[in-house]
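Q: Got a predicted structure plus its sequence, pasted below:
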Amino acid sequence: MRIRAHLFVLILAALLPVLVFATIMTARFWQLQREAFEQRFLERVRALRLAADTEIESTIQTLRALAASTAANEPPFDSLRAQFENFVATDSGWATMGIVDASGKPVMSVFRTGSANLTLDPATIDEVKKRQQPVISNLVASKSPVAWTTYFAVPVIRGDALRYVLYAGVDHNAWLAFLKTYPIAERAALTLNDREGLIIARTLNDEQWVGKRSTPAFWRRVQERSEDSFRNVGLEGQAFYSAFSRSPFSGWVLGTGVPQDDVEGELRGSLLLTISGIIGTLIVASLLAAVIGRRITREINLLSDSARSMVDTNLPLRHRTLTIAEAATVLDTLEDSARLLHERQKSLNEALVSEAHARAVAEHANEAKDQFLAMLGHELRNPLSAISSASAIQAHTNDPELLGRSREIIDRQVRHLTGIVNGLLDVARIASGKVVLTKAAVDLGDVARYAVHAIQDSGRADQVQIELHLQPAVVWADETRLAQVVTNLVENAVKYTARGGLVEVRVEPEPETVVLSVRDNGSGIAPELLPRIFDMFTQGERTLDRSQGGLGLGLTVVRSLVEQHGGSVRAKSDGPGRGSTFVVRLPRLKDVAPPPKPASPTPAATPRRIVVVDDNPDARIALTEQLRASGHTVETAVDGPTAVETIRSVKPDIAIVDIGLPGFDGLEVARRLRRDPEVDGVTLIALSGYGTPQDRAAALAVGFARYWVKPFEESALSALLAGAPERQR
């Protein structure tokens with residue numbers, strides 16, 4: 001056999017592994033590129049769906065605001081008609097707006113010029129009545145003339161009853177214009193479906209398909225997943241690369257289809273280029289074999305060795321200089337191709353991991369927000385319901401025992417509401433470490449004992465058994481904040497422990513630290529929740545009635561306060577149903593005992609002359625009657641000017657003045673009184689719902705002696721009345 005034939009065979013033998021490798025890599029490259037196109041289409045559809053959700057949420061918020069105005073008016077709502085007409089005229093998407101009563105009877109409606117006389121469909125009205133929440137309808141058709149509309153409806157609540165339904169109808173052409181504003185690809189078809197699969201708008205052949213269903217294969221995929229990308233056959237029978245995303249807000253589905261030929265046309269170009277390169281290499285090698293013969297035998301052997309070492313990763317890569325330029329080019333090309341494929345694979349993997357992480361973080365944040373809002377509503381409604389019931393008892397009975405219990409309920413629930421509000425206002429300051437600690441030598445065992453007894457006395461731990469194992473252990477700490485740590489940990493354990501369960505509280509000294517542990521045999525902590533159990537708003541799984549209560553702030557406060565005391569806290573659990581243990585470690589203060597705390601009883605108050613200034617009639621009457629029941633003489637005022645006149649006339653010992661008053665505010669009242677020598681000695685007390693340091697400083701600067709944040713403690717009022725100087729008339 002001639003040398004050229006041998007050389008040709010050798011070249012084929014050397015290039016065959018390279019050809020196989022290149023074929024595998026080309027197929028893999030094709031697959032990766034196709035997956036990248038599908039992922040890109042999915043991301044674009046998701047972004048467009050988010051934009052649609054933003055439009056829908058904006059519309060709902062606008063209707064909520066209009067519903068508030070509607071609730072304050074009476075039919076026929078002539079004062080609102082001009083406002084509705086302005087909305088319909090200026091918003092190109094709103095075809096109609098109107099109001100129907102609870103039975104579905106139209107009360108008032110306006111239409112965009114040239115649009116059909118549309119009205120809200122009965123199904124949407126029934127859904128609003130059932131849920132008493134904003135409702136987004138499916139696609140609704142009117143027959144004369146034919147119009148396709150989607151409705152946004154919100155309830156108009158007056159008192160506790162639904163009186164009307166306010167709605168806005170959006171023509172499907174508005175949704176079509178919205179879809180055309182965000183093109184996915186040059187020939188992509190965008191489709192918006194309602195919850196039943198009906199097409200609301202479609203950028204391809206819209207008039208033919210609006211109101212009809214998408215293909216069964218597409219809709220089956222939608223029902224299985226919230227979003228996905230796959231190859232599909234479109235309504236017109238064309239092959240598509242499809243992607244869709246379902247809105248968690250409206251339930252609508254936004255999908256796209258990109259012609260398969262468009263996508264694979266780009267891929268074929270790269271594939272043909274790779275194949276052409278391989279074929280060209282074979283042709284060049286064959287020509288070289290025929291021309292230079294023996295001269296290239298050594299080069300072929302070197303090239304074959306290099307190619308094998310590149311294909312087989314177990315072989316060392318040999319760097320050799322080839323004298324034949326074509327052979328060197330082939331070698332460089334193979335190395336570059338392998339490196340490029342590796343870099344693209346690495347980049348794609350990193351992008352997928354990053355996108356999955358970002359989505360998980362966003363979903364967790366959104367879920368935490370929703371859970372927090374739901375829990376806040378639950379926590380506020382419970383004490384408000386108890387206060388309402390106790391007030392009803394006082395209005396319908398003269399039984400001293402019932403009246404006493406109802407007053408206790410109101411007092412307890414007001415303190416509970418105050419605690420919720422103060423907790424919300426204080427948590428950011430505590431979590432950021434800005435709380436000023438007043439430290440002293442404190443026995444942690446005594447603090448834990450008093451905190452647990454307070455919980456038991458309040459009845460919050462009646463369903464469980466609490467065992468105390470407390471040893472003397474002195475720490476350098478703020479006693480109030482330390483009690484807050486113990487209370488939060490014990491209440492958290494009680495909250496997640498079933499009736500009849502056990503909670504153990506231990507305080508044990510160690511050579512350098514003091515250990516506080518709270519262990520329960522309750523529901524435990526899931527492994528995925530344990531690393532973030534101290535994060536804000538993080539809580540375990542709740543039942544529908546949210547019987548555990550709480551806002552998810554307690555453990556965040558615990559961690560912050562413990563760390564500000566130079567300690568640490570950690571949580572342990574063997575999993576759901578196996579209980580949990582929280583362990584706090586604080587630096588131990590050796591050979592020091594906490595000083596006893598002498599009791600300081602509040603002296604009895606003598607009768608005073610008092611002026612109460614508040615524009616809120618309930619607050620004014622309640623405080624006035626409370627003071628009169630204690631034997632004091634009380635006059636009242638409802639605004640700034642009247643307050644100044646009354647105080648100058650009565651010349652009281654004490655004036656309790658609300659800051660937010662009509663006429664002029666409480667700060668101006670104080671300024672005018674302090675300029676009047678006859679009443680300059682009156683003790684002025686400021687009342688306000690704002691409790692920032694700036695508000696407090698502003699009140700004290702104009703002459704107020706005290707600044708109380710509503711609702712204030714009765715003990716503070718008693719102490720003030722007992723200690724304030726009595727003015728001479």
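A: Okay, I see it.

Q: Can you name the element that comes right after the longest strand along the chain?
A: Longest strand of the chain, by residue count under DSSP state E: strand 146-158. As assigned by DSSP states H and E, the chain's next helix or strand after strand 146-158 is strand 161-171.

Q: Adjacent strands (with direction) for that next one?
A: Paired strands of strand 161-171, with direction, are strand 94-101 (antiparallel), strand 146-158 (antiparallel) (DSSP bridges).

Q: Please identify the buried residues of that strand?
A: Within strand 161-171, the residues that count as buried by 16 or more other Cβ atoms under 10 Å are L162, R163, Y164, V165, L166, Y167, A168, G169, V170, D171. C-beta: built from backbone N, CA, C; applies to glycine.

Q: farthest pair in these?
A: Greatest spatial distance in the buried residues of strand 161-171: R163 and D171, 27.7 Å, computed using Cβ to Cβ.

Q: Please, where are all the helices along the stretch 401-550 of the chain?
A: Ranges of helices within the stretch 401-550 of the chain are 444-458, 479-495, based on DSSP state H, counting those that start in this stretch.

Q: what's the most buried one of those?
A: Highest mean neighbour count among those (mean count of other Cβ atoms under 10 Å): helix 479-495, with a mean of 22.

Q: who touches that one?
A: For helix 479-495, the surrounding residues in contact (Cβ atoms under 8 Å, 6 or more residues apart in numbering) are 435, 437-438, 440, 442, 444, 447-448, 450-452, 454-455, 460-461, 463-464, 466, 475, 503, 505, 516, 518-520, 522, 548-550, 554-555, 557-558, 561-562, 564-565, 580, 582, 584.

Q: Just the buried ones out of those residues, please.
A: Taking 16+ other Cβ under 10 Å as the criterion, what is buried in the contacts of helix 479-495 is 442, 444, 447-448, 451-452, 455, 460-461, 464, 466, 475, 503, 505, 516, 518-520, 522, 548, 550, 554-555, 557-558, 561-562, 564-565, 580, 582, 584.

Q: between the strands paired with strand 161-171, which one is nearest to T70?
A: The closest of those to T70 is strand 146-158. By Cβ to Cβ, the value is 4.8 Å.

Q: looking at the strands paired with strand 161-171, which is closest to P76?
A: Comparing the strands paired with strand 161-171 by Cβ to Cβ, strand 94-101 comes nearest, at 9.4 Å.

Q: For the next helix or strand after that closest one, which residues meet the burial criterion?
A: Counting by DSSP H and E, the next helix or strand C-terminal to strand 94-101 is strand 106-111. Residues of strand 106-111 classed as buried by neighbour count (16+ other Cβ under 10 Å): V107, M108, S109, V110, F111.

Q: now swap in stretch 187-205 and tell me
A: Neighbour counts over stretch 187-205 (16+ other Cβ under 10 Å) mark 188-194, 197-204 as buried.

Q: average pLDDT across it?
A: With pLDDT averaged residue by residue, stretch 187-205 scores 92.

Q: ok, back up a step: using a markdown table, please lay out the helices of the stretch 401-550 of the chain together with mean pLDDT and distance to A722.
A: Converted to a markdown table, those look like this (pLDDT from 0 to 100; distance: least, Cβ to Cβ, whole Å):
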| stretch | mean pLDDT | distance to A722 |
| --- | --- | --- |
| helix 444-458 | 89 | 26 |
| helix 479-495 | 91 | 24 |
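
Q: now those helices in CSV, with distance to P155?
A: What follows is the helices of the stretch 401-550 of the chain, written out as CSV (distance: least, Cβ to Cβ, whole Å):
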stretch, distance to P155
helix 444-458, 38
helix 479-495, 33
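
Q: Go through those helices and name the closest to L340.
A: That would be helix 479-495 among the helices of the stretch 401-550 of the chain, by Cβ to Cβ, at 55.1 Å.

Q: Alpha carbons only: can I get that closest one in PDB?
A: C-alpha atoms of helix 479-495 as PDB (Å, rounded to 0.1, in the frame of the first residue of the first chain):
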ATOM      1  CA  GLU A 479     -33.900  43.000  84.200                       C
ATOM      2  CA  THR A 480     -36.900  44.300  82.100                       C
ATOM      3  CA  ARG A 481     -35.300  43.100  78.800                       C
ATOM      4  CA  LEU A 482     -34.200  39.900  80.300                       C
ATOM      5  CA  ALA A 483     -37.700  39.200  81.400                       C
ATOM      6  CA  GLN A 484     -38.800  40.000  77.900                       C
ATOM      7  CA  VAL A 485     -36.400  37.300  76.600                       C
ATOM      8  CA  VAL A 486     -37.800  34.600  79.000                       C
ATOM      9  CA  THR A 487     -41.400  35.600  78.300                       C
ATOM     10  CA  ASN A 488     -40.900  35.400  74.500                       C
ATOM     11  CA  LEU A 489     -39.200  32.000  74.700                       C
ATOM     12  CA  VAL A 490     -41.800  30.500  77.100                       C
ATOM     13  CA  GLU A 491     -44.800  31.900  75.200                       C
ATOM     14  CA  ASN A 492     -43.300  30.500  72.000                       C
ATOM     15  CA  ALA A 493     -43.000  27.000  73.600                       C
ATOM     16  CA  VAL A 494     -46.600  27.200  74.900                       C
ATOM     17  CA  LYS A 495     -47.800  28.300  71.500                       C
END
